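Colleague: my questions concern the predicted model and sequence given below.
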Amino acid sequence: MTKDKKAVVEAVEKHKDNLIQISDSIWALAETAFEESISSKLLADYAEKNGMTVTRGVADIPTAFVATFGSGKPVISVLGEFDALPGLSQNTVPNKDPRVDGAPGHGCGHNMFGAASLGAALAIKEQIEAGKIQGTVKFLGTPAEEKFFGKVWMVEAGLWDDVDVNVSWHPSAQIEADVQSGLSLIDFMIEFYGQAAHASSDPWNGRSAADALELYTTGINYYREHIKPTSRIHYHIQDGGQVVNVVPDYARLWVRVRDPKREVMLPTFERVKAMAEGAAIMANVEYKYSLISGIYETLVNREGGKIMQNNLELLGPITYTEEETAFGKAIQEATGKPQVGMDGEIHPLKETEALPGGGSTDVGDVSWNVPNINLGVTVAPKGTPWHSWAVVACGGMSIGHKGMVYASKAMGMTMFDLFDDPKLVEKVKDEYITRKGDVKYEAMIDGPPPIPGK
Ligand SMILES: [Zn+2]
């Protein structure tokens, strides 16, 4: 490792205890989408205290912020998420044990996400300050990844317009320079409006919104047989009426359609959307469609992946204590997985799969507007169910802390490379331009961000 890279690693080490404290505080707060006021403040305050210029409440989102340092080109940004998931509250023990019954928890590790990225930004800030590199570092606090996809509004607000390359990571069960895409998706709400009546004495006066809802989901479930095997349709019934003796005059469901390719997802979405009209006709009720938001599949960048891979190899594997391995194995036992502990090894850079499985992320929208380099780092045992208590448990103790600090260093080193060598930035940009082709990015949103209580 060069002296300069060692300085980046040492800068992260210097902030390590504070980053862990921030990560643990966000873990305990477990604030959900667009309500991450204290979590966002903890990160923004620390950036400000350490000399970055902070703008809060960007893109009409109270919990979104930008912290910058330096001036001129290149502009390298790094993303920090910090929202939790409902219902996943958990203590730092290797068996299901909520801290507060029914409360949210960090089942996707976003408490570590924001803290690690901030550490990388500060490490770079200090290298700019020391005169080793020139340019601008930008840390973007990006709320509501789990529900509304806050980055889509941030992209619309032009927050990446001046950025040359964006760097991001995600907590994972393995260390990898991530060169896989994700699934594009669209989220929408269907509401049915009928006529209430007594369910027994005058049901003929009623028109049931719940009937329409049931007919609608039946239609969706028949349609499943005819969609591409790569596509997914999910729905969440949010309101199906209140009591058994009233014909419900209102019903609502939240629907999501996904596919690795937008051109497959969009026609499937159009069919699912149209079925609501059929259901409304059958039940003789009215319906309303509202778009929530949609996200793009991620545009991968292999040139960026190679830079990241090189830094992972320089950093080497994460090693675990006997206690940590025992903790991991206990989680694997509790979740019915082979008891192999954590995977802290560095694996070779993978091929990019044509059709990735897995989830979706609003990093996708960023990746169609600026080249994006992605990283995954181990914060949980191998095979552990994601979005579960198991991830929450690890994210609040040393297994998570180790992954978080490691991610901070790997991103800091990769950002340093980009500042240090303009040819690398060009290579990453060239690949981005080729992969993007003639696609014109258009955000799949309709109106302002749905801030609760606004
Ligand atoms: Zn996540």
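Modeller: Good, I have the coordinates. Residues are numbered from 1 along each chain as shown.

Colleague: tell me the helices and strands packed up against the longest helix along the chain.
Modeller: Criterion DSSP state H: the longest helix present in the chain is helix 3-29. Applying 3 or more C-beta pairs under 8 Å, 6 or more residues apart in numbering; DSSP states H and E, one finds that helix 3-29 contacts helix 37-49, helix 110-129, helix 302-315, helix 389-395, helix 398-420. From N, CA and C alone the C-beta is placed, and that goes for glycine too.

Colleague: which stretches in the stretch 201-350 of the chain count as helices?
Modeller: 209-223, 262-283, 302-315, 322-334 (DSSP state H, counting those that start in this stretch).

Colleague: give me the contact list for the next helix or strand after the last one.
Modeller: Once the chain leaves helix 322-334, the next helix or strand it forms, by DSSP states H and E, is helix 363-367. Residues outside helix 363-367 that contact it (C-beta atoms under 8 Å, 6 or more residues apart in numbering) are 79, 149, 151-152, 155, 160, 166, 168, 181-182, 184, 295-301, 372, 374, 441, 443.

Colleague: tell me the mean pLDDT for helix 363-367?
Modeller: When pLDDT is averaged over helix 363-367, the result is 98.

Colleague: same deal with stretch 227-243?
Modeller: pLDDT averaged over stretch 227-243 gives 97.

Colleague: how far does it stretch from start to finish?
Modeller: 35 Å (C-alpha to C-alpha, to the nearest Å).

Colleague: tell me the secondary structure at residue 171.
Modeller: strand (DSSP: H, G, I helix; E, B strand; the rest coil).

Colleague: bridging residues for it?
Modeller: residue 377 (DSSP bridges).

Colleague: is it true that it touches residue 380?
Modeller: Yes - between residue 171 and residue 380 there is a contact at 7.3 Å, judged by C-beta atoms under 8 Å.

Colleague: what do the two both touch?
Modeller: With C-beta under 8 Å, 6+ apart as the test, residue 171 and residue 380 both reach 109, 391, 395, 400.

Colleague: of those residues, closest to residue 350?
Modeller: residue 109 (20.9 Å; C-beta to C-beta).

Colleague: quick one, phi psi at that closest one?
Modeller: With angles defined as degrees, to the nearest 10, residue 109 sits at phi 70, psi 20.

Colleague: I'd say it and residue 399 touch.
Modeller: No - in this structure residue 109 lies outside contact range of residue 399 using C-beta under 8 Å: 10.5 Å.

Colleague: between these two, which contacts overlap?
Modeller: Listed contacts common to residue 109 and residue 399 are 379, 380; contacts here mean C-beta under 8 Å, 6+ apart.

Colleague: re the thing from before, for the shared contacts of residue 171 and residue 380, which single residue is the most surrounded?
Modeller: residue 395 (31 neighbours; other C-beta atoms under 10 Å).

Colleague: that one and residue 13: what is the separation?
Modeller: 21 Å (C-beta to C-beta, to the nearest Å).

Colleague: list the contacts of residue 141.
Modeller: When contacts are counted by C-beta under 8 Å, 6+ apart, residue 141 touches 40, 43, 44, 63, 64, 65, 66, 67, 80, 82, 114.

Colleague: just give the nearest non-adjacent residue to it, would you?
Modeller: Leaving aside its chain neighbours, residue 141 sits nearest to residue 65 (4.2 Å; criterion: C-beta to C-beta, 6 or more residues apart in numbering).

Colleague: for residue 216, same thing?
Modeller: residue 279 (3.7 Å).

Colleague: now the one you found: how far from residue 445?
Modeller: Counting by C-beta to C-beta, the gap from residue 279 to residue 445 is 25 Å.

Colleague: find me the pLDDT at the residue nearest to residue 141, would you?
Modeller: 98.

Colleague: what about it, neighbour count?
Modeller: Residue 65: 24 neighbours (other C-beta under 10 Å).

Colleague: ok, residue 174 - how many residues close by?
Modeller: Residue 174 has 16 nearby residues by other C-beta under 10 Å.

Colleague: residues in contact with the closest residue to it other than its chain neighbours?
Modeller: Excluding its sequence neighbours, the residue lying closest to residue 174 (C-beta to C-beta, 6+ apart) is residue 343, at 4.9 Å. Neighbour list for residue 343: 173, 174, 175, 378, 382 [criterion: C-beta under 8 Å, 6+ apart].

Colleague: need the pLDDT of residue 343.
Modeller: 98.

Colleague: hang on, residue 63 packs against residue 33?
Modeller: No - counting by C-beta under 8 Å, residue 63 does not reach residue 33; the two are 9.1 Å apart.

Colleague: which residues do these two both contact?
Modeller: 143, 144, 150.

Colleague: who wins for neighbours among the residues you listed?
Modeller: Going by other C-beta under 10 Å, residue 143 tops the shared contacts of residue 63 and residue 33 with 35 neighbours.

Colleague: give the contact list for that one.
Modeller: 33, 34, 36, 40, 61, 63, 64, 81, 82, 83, 150.

Colleague: so it versus residue 41, what's the distance?
Modeller: Here residue 143 is placed at a distance of 12 Å from residue 41 (C-beta to C-beta).
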